[in-house]
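*Asks:* Sharing a sequence plus its predicted fold:
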Amino acid sequence: MKYVRKYWHVILILAIGVVLGYGAAFLNLNWRERNFLNSSYPLRANDESFRFVHALVAYETPQATVLPEYAELKRKVETLIHEKLQDGTAESISVYYRDTEASRWIGVNEDTAYYPASLLKVPLMIAYFKAEESDPSLLQRKIVYVPISVGDKYEAPSQLTSGRSYTIQELIEKMIIDSDNGATFTLVNRIDPDLLASVYRRLGITDPGDDSATYRIPTETYALFFRTLFNGTYLTPSASERALEILSRTTYKDGLAAGIPEGIVVSHKYGEHVAQKDGAPVGEELHDCGIIYKPDHPYLLCVMTRAKTLDAAKSVIKTISELVYSHLST
């Protein structure tokens with residue numbers, strides 16, 4: 001005790017230094033956090049039909065790599081992608097992850113564009129739900145299914161029965177849950193092209209129009225469709241809920257769903273594009289994008305890939321999904 005009494009002033013100075021050091025560190029982190037939040041900005045609907053309203057679609061924020069937990073996740077994803085590209089498993093891999101509760105995100109090659117293929121069935125569904133707002137009976141109308149030829153070359157693959165009547169609601173469910181192309185082309189042929197185009201226009205996304213065969217879209221951009229559904233900012237919250245419920249019944253289980261524990265709900269859509277040269281397949285693009293409802297921590301994950309084989313692309317998406325889920329569980 002005599003040493004304490006003798007050197008009490010030295011101990012006091014050291015204690016004050018420690019407190020000030022921790023305080024400075026806290027203030028520095030707090031400043032970085034405030035700076036991060038202040039750099040976000042609203043993304044508003046691109047719609048000139050309203051005079052007084054400029055609707056909010058989503059909030060854009062910079063990548064969350066300034067925050068340690070997100071920086072570590074990005075490092076892990078980058079390492080995995082590098083390994084898969086180096087060993088030839090894939091030719092191109094893009095990942096977009098978003099913490100849906102905190103609105104923080106990270107991306108790797110998220111600006112690389114791919115052929116979306118069946119991913120475009122989601123904005124088509126959104127267009128029908130948007131039309132329902134002004135025509136509440138729309139989805140219960142019936143359409144007699146007639147097999148449709150695509151480009152006068154082949155019939156769109158479908159499990160629908162020729163000559164049978166289906167409601168638009170049933171066709172939407174077939175299009176999303178089973179990725180049925182017969183249902184898709186039937187719905188495309190029945191919708192006002194301007195209404196479908198307005199979904200893209202209002203979200204600030206380039207409209208594929210009649211050029212869907214050559215249309216490409218970046219991973220981060222496509223993720224906006226799921227962001228608006230989760231946030232209920234484009235469709236009404238009740239319509240967004242119904243859309244995500246349909247997406248949760250998607251039968252495809254080889255992508256994102258394969259990388260997470262059984263029983264975890266996933267509202268997602270996959271898309272597959274076969275690259276050809278001189279009429280022969282030379283590669284595959286496979287994508288899977290959706291909301292993974294991890295208990296207490298739902299998140300959005302989009303993975304787009306290009307590989308020589310479909311199995312290779314599937315393995316990449318599964319492995320990335322496993323990595324992200326595992327990281328969030330530690």
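*Replies:* Perfect, thanks for sending it.

*Asks:* going forward, measure contacts between C-alpha atoms and count neighbours the same way
*Replies:* Fine.

*Asks:* Quick one: distance of the helix or strand where H327 lies to the chain centre.
*Replies:* Secondary structure from DSSP states H and E places H327 in helix 310-329. Computed by CA atoms, centre = their mean, to the nearest Å, the chain-centroid distance of helix 310-329 equals 15 Å.

*Asks:* Over to stretch 122-138?
*Replies:* Centre-to-centre, stretch 122-138 and its host chain are 20 Å apart (CA atoms, centre = their mean).

*Asks:* and what of stretch 241-253?
*Replies:* Taking mean C-alpha positions (CA atoms, centre = their mean), stretch 241-253 and its chain are 13 Å apart.

*Asks:* Kindly report the same for stretch 109-128.
*Replies:* 9 Å.

*Asks:* List the contacts of the helix or strand encompassing K84.
*Replies:* Following DSSP H and E, one finds K84 within helix 68-86. Outside helix 68-86, the residues that touch it by CA atoms under 8 Å, 6 or more residues apart in numbering are 64-65, 90-93, 105-108, 316, 320, 323-324, 327.

*Asks:* Let's see that with 6 Å instead.
*Replies:* Among residues not part of helix 68-86, those counted as contacts by CA atoms under 6 Å, 6 or more residues apart in numbering are 64-65, 90-91.

*Asks:* Among those residues, which one lies nearest to H287?
*Replies:* A90 (12.6 Å; CA to CA).

*Asks:* List the buried residues of the helix or strand hosting V122.
*Replies:* Using DSSP H and E, V122 falls within helix 121-132. Residues of helix 121-132 classed as buried by neighbour count (16 or more other CA atoms under 10 Å): 121-131.

*Asks:* cool, and stretch 207-221?
*Replies:* For stretch 207-221, a neighbour-count test (16+ other CA under 10 Å) marks 215-221 as buried.

*Asks:* Narrow the residues you listed to those in strands?
*Replies:* Under the assignment DSSP state E, the buried residues of stretch 207-221 contribute 217-218 to strands.

*Asks:* Just give me the closest of the buried residues of stretch 207-221 to R98.
*Replies:* Using CA to CA, these come closest to R98 at E220, 9.8 Å.
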